[in-house]
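Trainee: Generate a structure from the sequence data that follows.
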Amino acid sequence: MFNKLFFIVVALGLPLSIIGSFMHWPSAIMFGVYCITIIGLAAYMGRATESLAIVAGPRIGGLLNATFGNAVELIISIFALKEGLIGVVLASLTGSVLGNLLLVAGLSFFVGGLKYKRQEFNVYDARHNSGLLMFAVIVAFVIPEVFAITMDEQKTLSLSIGISIILIVLYLATLLFKLITHRGVYKHNTDEVEDHETPEWSAKIAITVLLLATVAVAYVSENLVHTFETVAHQFGWSELFIGVIIVAIVGNAAEHASAIIMAYKNKMNIAVEIAVGSTLQIAMFVAPLLVLISLMFTTQMPLVFTLPELVSMVTAVLLTISITNDGDTNWFEGTVLLAAYIIMGIGFYLL
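Mentor: Below you'll find the predicted structure:
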């Protein structure tokens, strides 16, 4: 049923996006069309990566879901940087961290917990990811804010560039550690048993769908960015709210759906890898990459967030670590994460 729904969304949304952009339809209408179309395209990206995940295994599958899920937001952010919307980009990065750790993980734990009393996942991966989350969000994001107080803009940007390079190198080292040098070293007796599930699409078809969907998302995203200012003025939304809530949810729709589906199937290793792995990829790769990409545009983006953004991200990290460090979860813990996300969402809306 959902596959047919998303097909209809893409079949109608993509032509309407093209026609509306050429006919200059009202921004408020096109904002909705663009968002729905991107979610439909993201669903196809999610199905394609799920097919590849069945072949590649939970770790690589989770990495693929996180990567192509974040590709949508990366594309949106690059066009926003081009337009000089630094606040929206930083807010969308904040929204991705909050969305993945609280909304995606919360929904996954809640939905899976309704079907299974207790769900377990690899505790060694959870503890390894906890340290990386502490470093990526609390150290790499808080330090620039602290030092920026006594620095001018140029020095703050130089500090951000240095931190960005270190983060990217460390992220690549993380992939080397997980996928090559220590692959399979830290096993857990709850690792999911292969059930020889048949992928929906072959590898060639899945890759083709991913490429076509990515191109379509790039086109729609560029048009979506142009509607931000008008929509914000009409609805009374701040750039912070658009970035933290709207862009983050739309940009991460693919991995949201994939993680929840995996949790419902009791494949918690993949679900957790998508939620936490995507957060690490945002903090250690996408955010620093955007800092470096911004150097090519008129307005550069330092890695300096507002105080509400920092406090929210740090709180989300600490809460997620405390819940996932034991290697198992249930529906109530998912509810706690969702409650935290709703509280923060209300706060950003009222700012």
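Trainee: where exactly do the strands run in the stretch 201-350 of the chain?
Mentor: 328-329 (DSSP state E, counting those that start in this stretch).
Trainee: Can you show me the helices along it?
Mentor: In order along the chain, the stretch 201-350 of the chain carries the following helices (DSSP state H, counting those that start in this stretch): 203-225, 228-235, 239-241, 248-251, 253-264, 268-281, 287-293, 307-324, 331-350.
Trainee: Next: the stretch 1-150 of the chain.
Mentor: When assigned using DSSP H, counting those that start in this stretch, the helices of the stretch 1-150 of the chain occupy the ranges 2-23, 27-56, 58-82, 86-98, 105-115, 123-133, 140-148.
Trainee: what angle separates the first one from helix 27-56?
Mentor: Just to be clear, that refers to helix 2-23. Here helix 2-23 runs at 140 degrees with respect to helix 27-56, directions being taken by axes from the mean of the first three to the mean of the last three C-alpha atoms, to 10 degrees.
Trainee: How much space separates residue 89 from residue 319?
Mentor: Distance from residue 89 to residue 319, counting by C-beta to C-beta, to the nearest Å: 25 Å. Where C-beta positions appear, they are placed from N, C-alpha and C, glycine not excepted.
Trainee: out of the two, which sits in the busier spot?
Mentor: When residue 89 and residue 319 are compared for neighbours, residue 89 comes out ahead with 26 against 18, by other C-beta atoms under 10 Å.
Trainee: ok, so what distance separates that one from residue 320?
Mentor: In this view, residue 89 and residue 320 are 23 Å apart by C-beta to C-beta.
Trainee: ok, now residue 212?
Mentor: Using C-beta to C-beta, one gets 34 Å for the distance from residue 212 to residue 320.
Trainee: Between those two, which has more neighbouring residues?
Mentor: More crowded of residue 212 and residue 320, by other C-beta under 10 Å: residue 320, with 26 against 14.
Trainee: what's the closest non-adjacent residue to the more buried one?
Mentor: Spatial nearest neighbour of residue 320, chain neighbours left out: residue 101 (4.5 Å); criterion: C-beta to C-beta, 6 or more residues apart in numbering.
Trainee: Would you enumerate the residues in contact with that neighbour?
Mentor: By C-beta atoms under 8 Å, 6 or more residues apart in numbering, residue 101 lies in contact with 275, 276, 279, 316, 317, 319, 320, 337.
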